[in-house]
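J.: sequence first, predicted coordinates after that:
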Amino acid sequence: MSVYLLRRLIQAVGVVLAMSLIVFIGVFAIGDPVEILISPDADQMERERAIKALGLDLPLWQQYAIFLGKALQGDLGRSFVFNEPALTLILQRMPATLELAFAATFGAILIGLPLGLYAGLRPNSVGSKAIMAGSILGFSLPTFWVGLMLIMVFAVQLGWLPSTGRGETVTILGMRWSFLTADGISHLIMPALNLALFKISLVIRLTRAGVRETMLMDYVKFARAKGLSPFRVTFVHVFKNILIPVVTVTGLEFGSTIAFSVVTESIFAWPGMGKLIIDSINVLDRPVIVAYLMIVVLMFITINLIVDLTYSVLDPRVRLEGK
């Protein structure tokens, strides 16, 4: 296991270095932040002074070398707009995004697993067909439209839930969390549901396919032949095996949930990393953009490693192949 972890860490370092170069070059090519940050009425002397203060007068390779050297020390640059460390800005917004992503993933598992299990055990029932039709809608409907409809129905028409913001928060270990208050939970429900809709459909289909495939296996038939109850056959022999693809895909989707929560956070004015990156792109705040993308890459690498380790725990065949 230690050799495997060491190999994965070496791979992770290579991926981070490659992505840092790609991200830095890509952000450098999207435009000149001075055109947005400096007033059009500024003279040439002021423009040159601003360019030098931001470090944009240096060649690209030198800017990247400075960025890499500071990144190794935990400094990903200072925001052009806020004049604060980019990493600090992102870490301030990270709890809100993580909270939203965890709520969406938990909701997808809580709703998707039982529905997928039912659809797999009773494939020809009316309920199963309705569930599968609903999953197609979950895949097809665009996130921004669903978010607007949720606001229109539950916030504007019915007035049951607040439409925007994060609500009341509680500070724990220097980080603000909203899921610990009733007002925060009411603000969290609609954004989490909007973000979880695609994941719910995915979990339903994965679970149903896994159940249909596993029910035909010899060990399930043998368990039935021994006279085991349907409950024991389903939750002891079938359920554990269908968890393997569900855990793998859900874990990878958790990274996507964090990275692509931009639309949901923008619609519901959720003060997370996604809204910050949109605001930073609008003003070409390069340090914040680069820092955000680097953190997302690190999250994906960490999540992939956790998924691989969890996969080996759930499936003994993976451990045996490794040995």
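T.: Sure, I can see it.

J.: give me the below-cutoff pLDDT ranges for this structure.
T.: Within the chain, the segments meeting pLDDT under 70 span 1-2, 4, 29-43, 54, 311-323.

J.: which residue ranges make up the domains of it?
T.: 2-72, 93-318 (automatic domain parsing).

J.: so can I have CSV of those showing mean neighbour count and distance to residue 83?
T.: C-betas here are computed from N, CA, C, even on glycine. Below are these laid out as CSV (neighbours: other Cβ atoms under 10 Å; distance: least, Cβ to Cβ, whole Å):
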stretch, mean neighbour count, distance to residue 83
domain 2-72, 13, 10
domain 93-318, 18, 10
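
J.: among the ones you listed, which is nearest residue 81?
T.: Nearest to residue 81, of all the domains of the chain, is domain 93-318, at 5.0 Å by Cβ to Cβ.

J.: adding distance to residue 80, write the domains of the chain out as a markdown table.
T.: Output for the domains of the chain, formatted as a markdown table (distance: least, Cβ to Cβ, whole Å):
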| stretch | distance to residue 80 |
| --- | --- |
| domain 2-72 | 6 |
| domain 93-318 | 5 |
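
J.: do you know which of those domains lies nearest residue 79?
T.: That would be domain 93-318 among those, by Cβ to Cβ, at 5.1 Å.

J.: next one: that closest one to chain centre, how far?
T.: Distance of domain 93-318 from the chain centroid (Cα atoms, centre = their mean, to the nearest Å) equals 9 Å.

J.: host element of the closest residue in space to residue 143 that isn't next to it in sequence?
T.: Counting by Cβ to Cβ, 6 or more residues apart in numbering, residue 263 is the residue found nearest to residue 143 once chain neighbours are left out, at 5.0 Å. Assigning secondary structure by DSSP states H and E places residue 263 in helix 262-267.

J.: now for the helix or strand following that helix, which elements pack on it?
T.: Later in the chain than helix 262-267, the nearest helix or strand by DSSP H and E is helix 273-282. If you count contacts as 3 or more Cβ pairs under 8 Å, 6 or more residues apart in numbering; DSSP states H and E, helix 273-282 packs onto helix 86-121, helix 262-267, helix 286-314.

J.: okay, those in JSON lines with distance to residue 154 next?
T.: Below are these laid out as JSON lines (distance: least, Cβ to Cβ, whole Å):
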{"stretch": "helix 86-121", "distance to residue 154": "15"}
{"stretch": "helix 262-267", "distance to residue 154": "13"}
{"stretch": "helix 286-314", "distance to residue 154": "30"}
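
J.: so which of the ones you listed gets nearest residue 66?
T.: Closest among these, once you apply Cβ to Cβ, is helix 286-314, at 11.5 Å.

J.: pull the helix holding residue 263 out as PDB, backbone CA atoms only.
T.: Extracted C-alpha coordinates of helix 262-267, given in PDB (Å, rounded to 0.1, in the frame of the first residue of the first chain):
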ATOM      1  CA  VAL A 262     -20.800  27.700 -11.000                       C
ATOM      2  CA  VAL A 263     -24.200  27.800 -12.600                       C
ATOM      3  CA  THR A 264     -26.100  26.900  -9.500                       C
ATOM      4  CA  GLU A 265     -24.100  29.300  -7.300                       C
ATOM      5  CA  SER A 266     -24.800  32.100  -9.900                       C
ATOM      6  CA  ILE A 267     -28.500  31.400 -10.100                       C
END
